[in-house]
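Participant: A structural model of the following input is requested.
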Amino acid sequence: MLKFEQVSKQYSNGYQAVKNMNFEISAGEILVLIGPSGCGKTTTMKMINRLVPHTSGTIFLKGKDITKENPDLLRRNIGYVIQQIGLFPHYTIEDNVGLIPQLKGWDAARKKERVNEMLRLVGLDPAVFAKRYPKQLSGGQQQRVGVARALAADPEIVLMDEPFGALDPITREQLQDELLRLQQELHKTIVFVTHDMEEALKLGDKIAILKDGELVQLDTPDQILSQPANDFVESFIGKNRLFQNPEFIPVTDVMRTNPSITYPGRAPGKALTFMRQRRTDTLLVVNDAGNLLGIVSAYDISSKIEEIRTIDEIMTPLQAVLKDTATARDALALITDAPFGIIPVVTDEDKIAGIVTRSSLLTAFASKWVGEGEMEK
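Facilitator: Predicted structure coming up:
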């Protein structure tokens, strides 16, 4: 959908705002541009609709060089949302939302139908809001109108320049959720500029981190968090941010890989001996093929040792199991209710890959929050 090829922007005074930018994004993706003030993120975005002309390189939109397009027609086919919202105060809400369809020559009936559709899409009842003026709306409502206007002519790409930056935290979070809901429904290609890393992690399919006009790293949120390209990226995102976002941590990073296993036909005395040797008070029970069946504890075996012949008679079926593709957040959600405080982790073939325990979770998180020297003490 969008490709930058050796794109630079240099001003007449010699200042180079963007330097040899190379990236591409596919249709339906949200790309978030982020970095310190003055890094070139807004300039990069504005070059897409030619509000800022690039001085070298090529920007392709759907395979076409944007400099070959009429700039007015180009902009009418690109949605644009800014922090200041930019609604015309003397236009009603329906006139603001219908501006681009009107410029594109839509007839009145089609335009009105589209305006009503867009207002409903962003949670504003047309019967209530269409005839109002911007000053009669709250900041959050005005920003919803700004999003509706950007989408009104059904553009394939939408540019969003810190659209929620001036809103209070609660309204901001609500509109972030609303944008994700809209994206699930509309599948637009979105280039989103922000200075807020939490917002970038929440919204971005891909995140581009910029510094001094250069692209330092372009990756998915989980790759940015788990494999920062250099010290600057690690410092910028915050060294502990990965563990503030457990949905990005693979469960395999917080599990133990050597769980104690046994077979259902094992005699209780032998099972207890094995537990003492392994210094554990639980055993995972598997069949001959290595598939997980259940779990037994030393307490249960000891209390029933005179009554049972094999441990499968008192085995507890497992209610909390995770696939090895799960995340640490999934483990955190299950651990409280997991029998014996253990969550087995299995492969797609239901073979044991490891176990998550309260201890393994605490150890994994603590190791990131405390310095290595302190941990050694």
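
Participant: mind pulling up the phi and psi values for V7?
Facilitator: Taking degrees, to the nearest 10, you get phi -90, psi 130 for the backbone angles of V7.

Participant: Who are the contact partners of the residue nearest to it when sequence neighbours are not counted?
Facilitator: Once flanking residues are discounted, V7 sits nearest to G57: 3.5 Å by Cβ to Cβ, 6 or more residues apart in numbering. Any C-beta I mention is one placed from the backbone N, CA and C, and that applies to glycine too. Residues in contact with G57 (Cβ atoms under 8 Å, 6 or more residues apart in numbering) are F4, E5, Q6, V7, S8, N20, M21.

Participant: Return, as residue ranges, the portions of the stretch 1-150 of the chain with sub-threshold pLDDT.
Facilitator: Counting by pLDDT under 70, the ranges of the stretch 1-150 of the chain that qualify are 83-85.

Participant: Which residue ranges of it form helices?
Facilitator: Here the stretch 1-150 of the chain has its helices, by DSSP state H, counting those that start in this stretch, at 41-48, 71-76, 93-97, 99-103, 108-121, 126-129, 139-151.

Participant: Is it possible to get these out as TSV so that each row also shows mean neighbour count?
Facilitator: Below are the helices of the stretch 1-150 of the chain laid out as TSV (neighbours: other Cβ atoms under 10 Å):
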stretch	mean neighbour count
helix 41-48	22
helix 71-76	14
helix 93-97	24
helix 99-103	19
helix 108-121	17
helix 126-129	14
helix 139-151	22
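
Participant: Start and end of stretch 129-146, how far apart?
Facilitator: Distance between the two ends of stretch 129-146: 13 Å, counting by Cα to Cα, to the nearest Å.

Participant: my bad, stretch 81-90
Facilitator: End-to-end distance (Cα to Cα), stretch 81-90: 19 Å.

Participant: what angle separates the helix or strand containing E185 from helix 139-151?
Facilitator: Using DSSP states H and E, E185 falls within helix 169-186. If you take axes from the mean of the first three to the mean of the last three Cα atoms, to 10 degrees, helix 169-186 sits at 20 degrees to helix 139-151.

Participant: Can you name every helix or strand that helix 169-186 contacts?
Facilitator: helix 139-151, helix 197-203 (3 or more Cβ pairs under 8 Å, 6 or more residues apart in numbering; DSSP states H and E).

Participant: right, and the helix or strand after that helix?
Facilitator: Downstream of helix 169-186, the first helix or strand assigned by DSSP H and E is strand 189-193.

Participant: And for that next one, what's in contact with it?
Facilitator: 1-2, 25-34, 41-42, 45, 48, 156-163, 183, 200, 203-204.

Participant: What's the local residue count around A353?
Facilitator: 16 (other Cβ atoms under 10 Å).

Participant: For it, list the residues it contacts.
Facilitator: T252, M255, T257, D324, V345, V346, T347.

Participant: again with K323
Facilitator: Remark: with contacts taken as Cβ under 8 Å, 6+ apart, K323 is in contact with V345, V346, T347, D348.

Participant: Can you tell me how far the residue nearest to V7 is from T44?
Facilitator: Going from G57 to T44 by Cβ to Cβ, to the nearest Å gives 11 Å.

Participant: who touches both of those two?
Facilitator: F4, V7, M21.

Participant: Between those residues, which sits nearest R149?
Facilitator: Nearest to R149 out of the shared contacts of G57 and T44 is F4 (Cβ to Cβ; 26.2 Å).

Participant: Show me the beta-bridge partners of that closest one.
Facilitator: F23, I59 (DSSP bridges).

Participant: residues near the closest residue to P221 other than its chain neighbours, how many?
Facilitator: Distances taken as Cβ to Cβ, 6+ apart place L201 nearest to P221, at 4.8 Å, with adjacent residues excluded. L201 is flanked by 22 other residues according to other Cβ under 10 Å.

Participant: Quick check: the gap between L201 and R309.
Facilitator: Taking Cβ to Cβ, one finds L201 at 54 Å from R309.

Participant: Pull the residues that contact the helix holding E185.
Facilitator: If you take Cβ under 8 Å, 6+ apart as the criterion, helix 169-186 is touched by 30, 121-123, 138-140, 143-144, 147, 151, 163-165, 167, 188, 190, 199, 202-203.

Participant: Try it again at 10 Å.
Facilitator: Identification of contacts with helix 169-186 by Cβ atoms under 10 Å, 6 or more residues apart in numbering yields 28-30, 81, 121-123, 138-141, 143-144, 147-148, 151, 154, 158, 160, 163-168, 188-190, 192, 194, 196, 198-199, 202-203, 205.

Participant: With stretch 122-133 instead?
Facilitator: With contact meaning Cβ under 10 Å, 6+ apart, stretch 122-133 is reached by 87-98, 112, 115-120, 136-137, 140-141, 143-149, 151, 174-175, 178-179, 181-182.
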